[in-house]
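> Here's a sequence, model it:
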Amino acid sequence: MSDKKVFVIGLDCLAPKLAFDKYISDMPTLSELLKRSTWGPMTSTIPPITCPAWACMTTSKEPGELGIYGFRNRVDHSYERLAIATSYAVKEKAIWDIIGEKGKKSIVVAVPPSYPPKKINGCMVGCFLSPDIDSDYTFPKELAKDIKNNVGQYLIDVRDFRTNDKKRLLKEIYDLTKNRFDTAVYLMQNKPWDFFMFVDMGPDRFHHGFWSYCDPEHNKYKKDNEFKDEMRKYYAFIDTQIKRILDKLDNNTVLCIVSDHGAKKIDGCFCINEWLIQKGYLKLKENPKEITKLNPSMIDWENTSAWGEGGYYGRIFFNVKGRETQGLIPKTKLKEFSGKLIKDLENIKYKNSEAKKTIVYEPKQLYKKTNGVAPDLLVFFGDLLWRSAGSVGIGDIYTFENDTGPDDANHDWQGVFVMYDPSERQAASGKKQEVSIYDFAPTVLDKMGFKVPKGMKGKVLG
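Model prediction:
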């Protein structure tokens, strides 16, 4: 064990192609840091989704081991029961749990999923899953009052980032980012810590809300729109906030800047359940006449072999005899059925898009274990240039309007990784070409002088 401390700035969805390339000239603090850091694109989890990615990062465990495959997960093999991935869903030890057992203190702010906040050796502030500021969103409970008195009202998230009110959204994203950094600055200066980690959801909300306004390659881009330069300005603003933290760290503290995944333009939404209906895998009792969220009560289960969930990627579940309540597919036919469905999915063609391929995985291809109820197939439409729309009644398998509200971007396979250790004598460790999200926890523990526990998936970065 060493006396070295680690401070982590988490920027949800920050895109390496923007932070390391397109906007680097607008980010002087980051630009200088890269000259003295180990850095590079960091390969995310499969799926590259906020939940489970941050939990995987801080535990070095796969989604299958955590049993978290998205924000909402099946509780059992009934059709109705889905549960949000709260902090209680993470059963594996995170960095703060491991170092806390040895007396080291942590401050954890808004690292998903961290609601309800857990009792740790230090303090924890809930993430964007916290229902409101009237809930018990901090540990200890009195920390909420402390933050309010010294920082101001804690902002959990922006209101409804899928909105056409872009001026309101833009203001709230800036307010959220500043509030998150204000909170971090106050806590780092006024509470004891050896490990500090916070996550700002601002970049994620910005990308989803404004990508089409800032990227000329986006299908919906309009030249000379009033928001065309806002992404550059926002990345520059993030850089000023990073400097606030950097200026307050001593030479005994390692600074990490990370994102859970990246972002890219979205070309459209592929209507997974409309497609399954068209292919004969899914049958409804009655076809709705307007766009409707698929509800299990709408499905003719005796004639349905598969159904899907919407989101940034598609999850497909099989209706298996002896497993689901009204299962149809015999277990002896599962391999054959899965193979046929995968082939059909891989043959999907896309409309008005450069997307060429659909990537399909079975959980056993990805994970050593599949705890909880995993999807039978994980589907990445158009290699993430398309998202999955789960609603029915759309009348087509393609839509260019998101069924859950305006959304300009999808997640991408790589996030960012920067690690600056001022105690290292060399000017820079240089760009790392292969960094995995699973390497983060072992590397942090090693920096702090801890032995990496057995079972962590990642490796220590040099």
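> now the most centrally placed residue in the chain: how far from Asp412?
To find the centre residue of the chain, average its C-alpha atoms and take the closest one (CA atoms, centre = their mean): that gives Thr50, at 1.6 Å. The gap separating Thr50 from Asp412 is 13 Å, by CB to CB, to the nearest Å. Just so you know, the C-beta spots here come from the backbone N, C-alpha and C atoms, and that holds for glycine as well.
> what do those two both touch?
Residues touching both Thr50 and Asp412 comprise His261, with contact defined as CB atoms under 8 Å, 6 or more residues apart in numbering.
> Please list all residues in contact with the residue nearest to the centre of the chain.
Remark: with contacts taken as CB under 8 Å, 6+ apart, Thr50 is in contact with 12-13, 71, 112, 204, 260-261.
> And it, how close does it get to Ser259?
When distances are taken as CB to CB, Thr50 and Ser259 turn out to be 10 Å apart.
> other SSEs contacting the helix or strand containing Arg180?
Taking DSSP states H and E as the criterion, Arg180 maps to helix 166-190. Based on contacts counted as 3 or more CB pairs under 8 Å, 6 or more residues apart in numbering; DSSP states H and E, the elements that helix 166-190 packs against are strand 106-109, helix 143-150, strand 195-200, helix 202-214, helix 230-246.
> Next, format these as JSON lines and append mean pLDDT and mean neighbour count.
JSON lines is the format used below for the helices and strands packed on helix 166-190 (pLDDT from 0 to 100; neighbours: other CB atoms under 10 Å):
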{"stretch": "strand 106-109", "mean pLDDT": "98", "mean neighbour count": "25"}
{"stretch": "helix 143-150", "mean pLDDT": "97", "mean neighbour count": "15"}
{"stretch": "strand 195-200", "mean pLDDT": "98", "mean neighbour count": "25"}
{"stretch": "helix 202-214", "mean pLDDT": "97", "mean neighbour count": "25"}
{"stretch": "helix 230-246", "mean pLDDT": "98", "mean neighbour count": "19"}
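> Would you reformat the ones you listed as CSV and include distance to Lys91?
Shown next, in CSV, are those (distance: least, CB to CB, whole Å):
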stretch, distance to Lys91
strand 106-109, 17
helix 143-150, 25
strand 195-200, 19
helix 202-214, 25
helix 230-246, 31
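> Tell me which of the ones you listed lies nearest to Asp175.
Shortest separation from Asp175 across the helices and strands packed on helix 166-190 is recorded for helix 202-214, at 9.0 Å, computed as CB to CB.
> and that closest one with helix 166-190, angle?
Comparing the axes of helix 202-214 and helix 166-190 via axes from the mean of the first three to the mean of the last three CA atoms, to 10 degrees yields an angle of 150 degrees.
> Now find how far off-centre helix 202-214 is within its chain.
15 Å (CA atoms, centre = their mean, to the nearest Å).
> What is it packed up against?
For helix 202-214, the contact count by 3+ CB pairs under 8 Å, 6+ apart identifies helix 166-190, helix 230-246, strand 262-265, strand 409-412 as packing neighbours.
> To Arg315, which of those lies closest?
strand 409-412 (14.3 Å).
> For the helix or strand just after the closest one, which strands pair with it and how are they oriented?
Moving toward the C-terminus from strand 409-412, the first helix or strand encountered (DSSP H and E) is strand 414-420. For strand 414-420, the pairing partners within the sheet under DSSP bridges are strand 38-43 (antiparallel), strand 253-258 (antiparallel).
> Now render the ones you listed as a markdown table, adding mean pLDDT, distance to Lys364 and mean neighbour count.
What follows is the strands paired with strand 414-420, written out as a markdown table (pLDDT from 0 to 100; distance: least, CB to CB, whole Å; neighbours: other CB atoms under 10 Å):
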| stretch | mean pLDDT | distance to Lys364 | mean neighbour count |
| --- | --- | --- | --- |
| strand 38-43 | 96 | 20 | 22 |
| strand 253-258 | 98 | 29 | 22 |
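> any chance of those in TSV, plus distance to Val90?
Output for these, formatted as TSV (distance: least, CB to CB, whole Å):
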stretch	distance to Val90
strand 38-43	20
strand 253-258	18
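> OK, contacts around Ile99?
Applying CB under 8 Å, 6+ apart to Ile99 gives the contacts 106, 121, 194-195, 445, 448, 450.
> That one falls within a helix, correct?
Yes: assignment of Ile99 by DSSP: H, G, I helix; E, B strand; the rest coil places it within a helix.
> and it, what pLDDT?
Confidence per residue is given as pLDDT, and for Ile99 that number is 98.
> got it, and the one 5 residues further on?
Lys104 carries a pLDDT score of 97 in this model.
> and what of Thr404?
Looking at Thr404, its pLDDT is 74.
> What strand or helix carries it?
Secondary structure assigned from DSSP H and E places Thr404 in neither a helix nor a strand.
> what's the nearest residue to it if we skip its chain neighbours?
Counting by CB to CB, 6 or more residues apart in numbering, Arg162 is the residue found nearest to Thr404 once chain neighbours are left out, at 6.1 Å.
> Might one say that that neighbour is in contact with Glu401?
No: between Arg162 and Glu401 there is no contact, the gap being 11.0 Å when judged by CB atoms under 8 Å.
> follow-up on the earlier one: mind listing what's buried in the helix holding Arg180?
For helix 166-190, the neighbour count (16 or more other CB atoms under 10 Å) marks 166, 169-170, 172-174, 176-185, 187-188 as buried.
> repeat for stretch 135-143
Within stretch 135-143, the residues scored as buried using 16+ other CB under 10 Å are 137-139, 143.
> now, which of the residues you listed lie within helices?
Judged by DSSP state H, those include Leu143 as members of helices.
> got the residue ranges for the helices in the stretch 351-462 of the chain?
Taking DSSP state H, counting those that start in this stretch to define them, one finds helices in the stretch 351-462 of the chain at 363-366, 440-447.
> Nearest to Tyr213 among these would be which one?
Taking the helices of the stretch 351-462 of the chain one by one with CB to CB, helix 440-447 is closest: 31.9 Å.
> So for Ala427, what's the pLDDT?
The per-residue confidence score, pLDDT, reads 49 for Ala427.
> That should have said Lys289, apologies.
Confidence per residue is given as pLDDT, and for Lys289 that number is 88.
> Excluding covalently adjacent residues, which one is nearest to it?
Leaving out its chain neighbours, the residue that sits closest to Lys289 by CB to CB, 6+ apart is Gly393, at 6.5 Å.
> wait, doesn't that neighbour sit right on Lys293?
No: with the criterion set as CB under 8 Å, Gly393 and Lys293 do not qualify as a contacting pair; they are 9.4 Å apart.
> do you know how far the closest residue to Ala144 other than its chain neighbours is from Arg323?
Counting by CB to CB, 6+ apart, Thr138 is the residue found nearest to Ala144 once chain neighbours are left out, at 4.4 Å. Between Thr138 and Arg323 the computed distance is 41 Å (CB to CB).
> Same check on Leu30?
Where Arg323 is concerned, Leu30 sits at a distance of 49 Å (CB to CB).
> quick one: which of the two has more around it?
Neighbour count, other CB atoms under 10 Å: between Leu30 and Arg323, Leu30 has more, with 23 against 13.
> how about the helix or strand where that one lies: buried residues?
With elements taken from DSSP H and E, the one containing Leu30 is helix 28-34. Applying a neighbour-count criterion of 16+ other CB under 10 Å, the buried positions in helix 28-34 are 29-30, 33-34.
> Sweet, I'm off.
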